[in-house]
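S.K.: whatever this is, show me its structure:
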Amino acid sequence: MITTLRPVIIGSILVLAGVVQAHAEVVLRYAEGGPNRGVRAAAVQYYADEVERLSAGDIKIDIHWGGALLKWSGALDGIAAGSADLGSVLSSYEPQELKALGIGDIPLEYADPWVGMRAMYDLMTGEPELQKSLADQSLVYLSNFSTTGVQFECTEGKQILSVDDIKGKRIRAAGTYTNVLSELGADTVSMTFGEVYQALDSGLVDCLASYFYTMRAYKTYEVVETVTRVDWGQLLGFAIVMNEYVWSDFDEEQKSILRQAGKNMIDYFAELTIADAGEVAKNLSNGGFGKVVPVTAIDPAERQKILDATLPFRDSWIEEANRRGMQGQAIWDHYIELLKTYQAELESQGYPWEAAQ
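M.R.: Residues are numbered from 1 along each chain as shown. Coordinates of the predicted model:
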């Protein structure tokens, strides 16, 4: 009888072990508003792969691309409500609710994406008041993207080379950049990047305040005639966040994995996007995309005028943070200190991936 029962007992144990293993594996739904192409898409996929690698397959991420699960405008509410477990959010779509992330959208002279993302990661993971601000929206910060520096793409006869050229132009921009350009006399237009190609082609807008990587991803080079290189700040209120209740179900080791994957992704994305920006600028100038789109650097004095126009919005962020019970000036000072630290590290040591080569 013992001999007869042994296979049954062993089989039962194996079945139970399989059930435990199945329960240990977690599949998280990731809401991504952008298409599955370009360097940022590669970074999102890298994050998912890193989470799976670091967790030895126990945590997997199912990415829903192109707004299939949640569009950009609904990402915050959807992730907070649990329609997705985690995903990409832009503070420019919900500036009040995502005020904590909005600090990264104040245009500054720091346009290097590695410097910016590293500073934001340290700030958001090290400032309890910013973490609480996100927790009030049922969100937890995991990592950061960068749009890289803002450039001006313009249609025929609408090139921007000075502050005076901004006046009267219909310009698509996002976040604080919209406000700054409005103050400088632009007629700003709000729309998603999925709409900009048609807007340029139809004449609805004259110019975009955009980025080299979006020029490739959305093929706007087909409908513009010039690009002015401004390297104006970067949108850093652009993050991976998780539903707070889902986060609370993980143990400390799992939470560490989700954050470490985010930290690793920053270096990966920065390397890709810096190389891609250089390649896109080169292809625009030499006709590599099928037509020549000249890339002209803005005069440094004109760039400084644009930077100076940003200062009132820095002050507004600090004042609003104070009204929300945060130490606005102290947080801002910490942010600038981090930016300076990483900028100095870049200048003295180069990028981390260069040292590894």
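S.K.: for the rest of this, base every contact and every neighbour count on C-alpha atoms.
M.R.: Fine.
S.K.: quick check, R229 in a helix?
M.R.: No: counting by DSSP: H, G, I helix; E, B strand; the rest coil, one finds R229 to be strand, located in no helix.
S.K.: nearest residue to it in space, please, no chain neighbours.
M.R.: Excluding the flanking residues, the one nearest R229 by CA to CA, 6 or more residues apart in numbering is A297, at 4.5 Å.
S.K.: for R303, same thing?
M.R.: V230 (6.6 Å).
S.K.: count the residues that sit near the residue nearest to R229.
M.R.: Using other CA atoms under 10 Å, A297 has 14 other residues around it.
S.K.: my read: the residue nearest to R303 touches E302, true?
M.R.: No: V230 lies out of contact with E302 (CA atoms under 8 Å); the separation is 9.2 Å.
S.K.: which one's more surrounded, the two?
M.R.: V230 (23 against 15).
S.K.: residues contacting the more buried one?
M.R.: By CA atoms under 8 Å, 6 or more residues apart in numbering, V230 lies in contact with 149-152, 297-298, 303.
S.K.: what do you get for L184?
M.R.: Contact partners of L184, counting by CA under 8 Å, 6+ apart, are 163, 166-167, 309.
S.K.: list phi and psi for T296.
M.R.: phi -120, psi 130 (degrees, to the nearest 10).
S.K.: what pLDDT does it get?
M.R.: Per-residue pLDDT puts T296 at 97.
S.K.: gap between it and K282?
M.R.: 12 Å (CA to CA, to the nearest Å).
S.K.: okay, and the beta partners of the residue lying closest to A81 once chain neighbours are set aside?
M.R.: Nearest in space to A81, with sequence neighbours left out and distances taken as CA to CA, 6+ apart, is N243 at 7.6 Å. Assessed by DSSP bridges, N243 has beta-bridge partners L139.
S.K.: N243 contacts L139, doesn't it?
M.R.: Yes: under the criterion of CA under 8 Å, N243 makes contact with L139 at 5.0 Å.
S.K.: compare neighbour counts for these two and give me the winner.
M.R.: Using other CA under 10 Å, the more surrounded residue of N243 and L139 is L139, with 27 against 24.
S.K.: need the contact list for the more buried one.
M.R.: 79-80, 241-244.
S.K.: same check on F145?
M.R.: By CA under 8 Å, 6+ apart, the contact set of F145 is 40, 117, 236-240, 266, 269.
S.K.: likewise G33?
M.R.: Here G33 is in contact with 65-68, 70-72, 75, 88 (criterion: CA under 8 Å, 6+ apart).
S.K.: please convert the buried members of those residues into PyMOL selection syntax.
M.R.: PyMOL command restricting the contacts of G33 to the buried ones, with burial defined by 16 or more other CA atoms under 10 Å:
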select buried, resi 65+66+67+70+71+72+75+88
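S.K.: right, I'll call it a day here.
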